[in-house]
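Asker: Okay, predicted coordinates and the sequence, questions at the end:
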Amino acid sequence: MPLHKTEAVVIHTIKLGEADKIVTLFTKELGKIKAVAKGARRIKSRFGSSFEPFTQINTTLFEKGNYNLLRIRQADIIQSYFHIREDFEKISYGLYFLELIDKFLLERDVNKGIFSFLIDTLSHLNNNDELKRLFVIFGIKFLKLSGYQYRFDKCISCGDSPLILFFSAYKGGLICDSCAKNNRQGLLPINKGTAEYLSNVQKEEAATEETADAMNEAVEIIKGIFADIIGRPLMSQEFINKVKG
Ligand SMILES: [Zn+2]
């Protein structure tokens with residue numbers, strides 16, 4: 001019965017039977033896994049509130065006959081990121097990132113880079129209120145870590161930088177006015193200022209004085225990119241839209 005000790009972040013949970021939970025964890029040492037927490041739904045459970053989404057824990061897991069479903073022996077909270085839970089908009093952005101991680105990573109796919117990224121994202125979300133800026137910065141960072149690179153400086157079709165009016169998530173970058181004449185399917189409108197802002201964020205250049213419009217448009221572009229990769233909008237995106245009213 002091999003034991004695994006690892007740090008982890010709770011992605012989500014579902015009920016199992018009368019008193020148990022199946023917890024999806026993104027662990028540092030084992031990647032994304034599912035594990036049963038016996039008795040976790042009892043009022044006096046020894047696990048307390050360890051399995052609320054976003055919670056960072058130290059946990060001990062063991063295998064019991066099923067490689068794909070571990071058991072949780074112990075879970076101690078390192079950080080609960082409770083400020084995220086106090087604000088609907090923070091919750092919605094937080095859930096968006098948890099859903100991304102759940103969708104992008106295969107089970108047992110160990111990725112310490114993305115694990116640190118998630119901890120960093122949750123800490124910033126917990127302590128900052130510039131949520132759109134965070135979403136853009138961490139959205140671009142997540143794409144880079146996952147091996148996706150988009151062009152925000154030149155037209156992806158002709159390699160030139162004439163009049164830029166559109167962005168194509170499918171093609172992977174900006175589309176200029178003349179290249180867009182052939183086919184406008186799936187193109188998102190983008191302003192020059194937004195493209196420059198995204199390009200600066202991607203190059204990790206010093207903070208720019210982007211306008212509120214550029215920020216809003218950048219958020220839509222990044223959501224468009226993730227929806228394109230996953231094949232449909234994320235569930236938590238609807239939640240973000242609802243919270244915004
Ligand atoms: Zn072009």
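Answerer: Thanks, I have it. Numbers count the residues shown, from 1 in each chain.

Asker: C-alpha from now on. contacts and neighbour counts both.
Answerer: OK.

Asker: for this protein, which spans come out with low pLDDT?
Answerer: Low-confidence segments of the chain, defined by pLDDT under 70: 1, 206-208, 234, 237-240, 242-245.

Asker: Residue 8: what's it in contact with?
Answerer: Counting by C-alpha atoms under 8 Å, 6 or more residues apart in numbering, residue 8 touches 25-28, 56-59.

Asker: Can you give the domain ranges for the protein?
Answerer: The chain breaks down into these domains under automatic domain parsing: 3-80, 83-244.

Asker: Out of these, which one sits most buried?
Answerer: domain 3-80 (a mean of 19; mean count of other C-alpha atoms under 10 Å).

Asker: That domain: how far from the chain's middle?
Answerer: Chain-centre distance of domain 3-80: 20 Å, with C-alpha atoms, centre = their mean, to the nearest Å.

Asker: related to what we said a few turns ago, between the contacts of residue 8, which is closest to the ion?
Answerer: Closest approach to the ion among the contacts of residue 8 (C-alpha to the ion): residue 26, at 40.7 Å.

Asker: Phi first, then psi, for that closest one.
Answerer: As for residue 26, its main-chain torsions (degrees, to the nearest 10) stand at phi -100, psi 110.

Asker: One more: residue 78?
Answerer: phi -90, psi -50.

Asker: can I assume it is in contact with residue 56?
Answerer: Yes. Using C-alpha atoms under 8 Å, residue 78 is in contact with residue 56, at 5.5 Å.

Asker: Just put the domains of the chain in JSON lines and tack on distance to the ion.
Answerer: JSON lines is the format used below for those (distance: least, C-alpha to the ion, whole Å):
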{"stretch": "domain 3-80", "distance to the ion": "40"}
{"stretch": "domain 83-244", "distance to the ion": "4"}
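
Asker: what comes into contact with stretch 132-140?
Answerer: Contacting residues not belonging to stretch 132-140 are listed as 93, 121, 124-125, 198, 201-202, 215-216, 218-219, 222 [C-alpha under 8 Å, 6+ apart].

Asker: Over to stretch 197-211?
Answerer: So stretch 197-211 is contacted by 136-137, 140-141, 151-153, 193-194, 214, 218 (C-alpha under 8 Å, 6+ apart).
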